[in-house]
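K.L.:
Sequence unavailable; structure follows:
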């Protein structure tokens, strides 16, 4: 399959995330292991909070986003990883049986002179549910290798 | 146990995260489910990258941080959740058998006049390994309920 290198990104470009579902069992299992706040574990406890019902840990949504990103387009690139996230917003609850989709938009591109073998591409990512409501947005830089000279 | 409300936080306050370990099997299982980039799955593939060996997904470190935060101090508060993360930095690789510890420092406090039942506390969190190297930092606001009037 074709590999996308640093040179193949341009500002404004839009790349699709792969669609993913999330089940009640997955929400509860992730929360039990990593984020056992009552509103991620128990329907009755969650009903009394501002979430208004069982909702996934925000970190679970992040992990799912990573899977959607990888299978959506990152796996076919010369990605070298990311140093972090500039801004991450959990906008709405993610519910059992939600179908999540989304996309990445290229914000800008930086080619450091000191490292001629790589470059940084900064993205705005959006994840939405089947009703079209944005549930999470984040912005982050990803490092890509440059196209080898042939 | 005593519950910490919004009124009980002050700028500069330091709160400990609970210590946590991470195993090779956990690193590979998380990556296989959520972040199957080769450097999170395979020692030989990882050795050829800038990580220089198998390392946990940054999102796995985030999930572990959440567990360290919850059991460290968040579980004994009137937390109402968080709207997101302002800044998240993956500074160094997290390796098999790393022992992670850390703390949260209160940056500032905001009491919105429109919502007299709650307030926001903004934290700087740090996670380090047993050698004292910071592996991740993040800053985020957490919402807390106010102390009920008696």
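P.N.:
Now that the structure is in, tell me what you want to look at. What you see is a predicted model; the values in this text were computed from it and never measured.

K.L.:
low-scoring stretches of chain A, by residue?
P.N.:
Applying pLDDT under 70 to chain A picks out residues A:1-2, A:150.

K.L.:
what's the offset of stretch A:11-23 from the middle of its chain?
P.N.:
Averaging C-alpha positions (C-alpha atoms, centre = their mean, to the nearest Å) puts stretch A:11-23 8 Å from its chain's average.

K.L.:
Name the residues that touch that stretch?
P.N.:
A:56, A:60, A:64-65, A:67-69, A:71-73, A:94, A:96-109, A:125, A:127 (C-beta atoms under 8 Å, 6 or more residues apart in numbering or on different chains). The way it works is simple: take the backbone N, C-alpha and C, and place the C-beta from them, glycine included.

K.L.:
Give me the buried positions along that stretch.
P.N.:
Residues of stretch A:11-23 classed as buried: A:15, A:17, A:20, A:22 (neighbour count, 16 or more other C-beta atoms under 10 Å in any protein chain shown).

K.L.:
my guess is residue A:60 contacts residue A:96, does it?
P.N.:
No. Using C-beta atoms under 8 Å, residue A:60 is not in contact with residue A:96; the gap is 11.7 Å.

K.L.:
At which residues are the helices of chain A located?
P.N.:
Assigned by DSSP state H, chain A shows helices spanning A:24-34, A:38-41, A:43-47, A:58-72.

K.L.:
Could I get these in JSON lines, plus columns for mean neighbour count?
P.N.:
Output for the helices of chain A, formatted as JSON lines (neighbours: other C-beta atoms under 10 Å in any protein chain shown):
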{"stretch": "helix A:24-34", "mean neighbour count": "17"}
{"stretch": "helix A:38-41", "mean neighbour count": "20"}
{"stretch": "helix A:43-47", "mean neighbour count": "13"}
{"stretch": "helix A:58-72", "mean neighbour count": "23"}
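
K.L.:
one step back: which neighbours do residue A:60 and residue A:96 share?
P.N.:
A:22, A:27.

K.L.:
What's the ChimeraX line that selects buried ones from the contacts of stretch A:11-23?
P.N.:
Burial among these is assessed by 16+ other C-beta under 10 Å; the matching ChimeraX selection reads:
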select /A:56,60,64,65,67,68,69,72,73,94,96,98,100,101,102,103,104,106,107,109,125,127
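
K.L.:
ok, the residue positioned nearest the centre of chain A - contacts?
P.N.:
In chain A, the residue lying closest to the centroid (C-alpha atoms, centre = their mean) is residue A:65, at 3.2 Å. Applying C-beta under 8 Å, 6+ apart to residue A:65 gives the contacts A:17, A:102, A:125, A:127, A:136, A:138.

K.L.:
what does residue A:57 give?
P.N.:
A:27, A:30, A:31, A:34, A:35, A:37, A:40, B:63, B:66.

K.L.:
got the phi/psi numbers for the fifth one?
P.N.:
The one in question is residue A:35. phi -150, psi 70 (degrees, to the nearest 10).

K.L.:
What's the local residue count around it?
P.N.:
Residue A:35: 22 surrounding residues under other C-beta atoms under 10 Å in any protein chain shown.

K.L.:
Quick check: the gap between it and residue B:26.
P.N.:
Separation of residue A:35 from residue B:26 (C-beta to C-beta, to the nearest Å) stands at 16 Å.

K.L.:
Please apply the same query to the first one.
P.N.:
Here residue A:27 is placed at a distance of 20 Å from residue B:26 (C-beta to C-beta).

K.L.:
same question, residue A:100
P.N.:
24 Å.

K.L.:
and what of residue A:3?
P.N.:
30 Å.

K.L.:
got it, and residue A:136?
P.N.:
On the measure of C-beta to C-beta, residue A:136 and residue B:26 end up 24 Å apart.

K.L.:
before we move on, back to that, and the contacts of residue A:57, which is closest to residue A:83?
P.N.:
residue B:63 (18.5 Å; C-beta to C-beta).

K.L.:
show me what contacts the closest one?
P.N.:
A:30, A:33, A:34, A:35, A:57, A:59, A:60, A:63, B:30.

K.L.:
can you redo the residues you listed as a markdown table with distance to residue A:84?
P.N.:
Conversion of the contacts of residue B:63 to a markdown table gives the following (distance: C-beta to C-beta, whole Å):
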| residue | distance to residue A:84 |
| --- | --- |
| A:30 | 22 |
| A:33 | 23 |
| A:34 | 19 |
| A:35 | 20 |
| A:57 | 19 |
| A:59 | 15 |
| A:60 | 19 |
| A:63 | 16 |
| B:30 | 18 |
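
K.L.:
Return the residues of chain A in contact with chain B.
P.N.:
Within chain A, the positions near chain B by C-beta under 8 Å from any C-beta of the partner chain are A:30, A:33-37, A:39, A:49-51, A:57-60, A:62-64, A:66-67, A:70, A:74-75, A:79-90.
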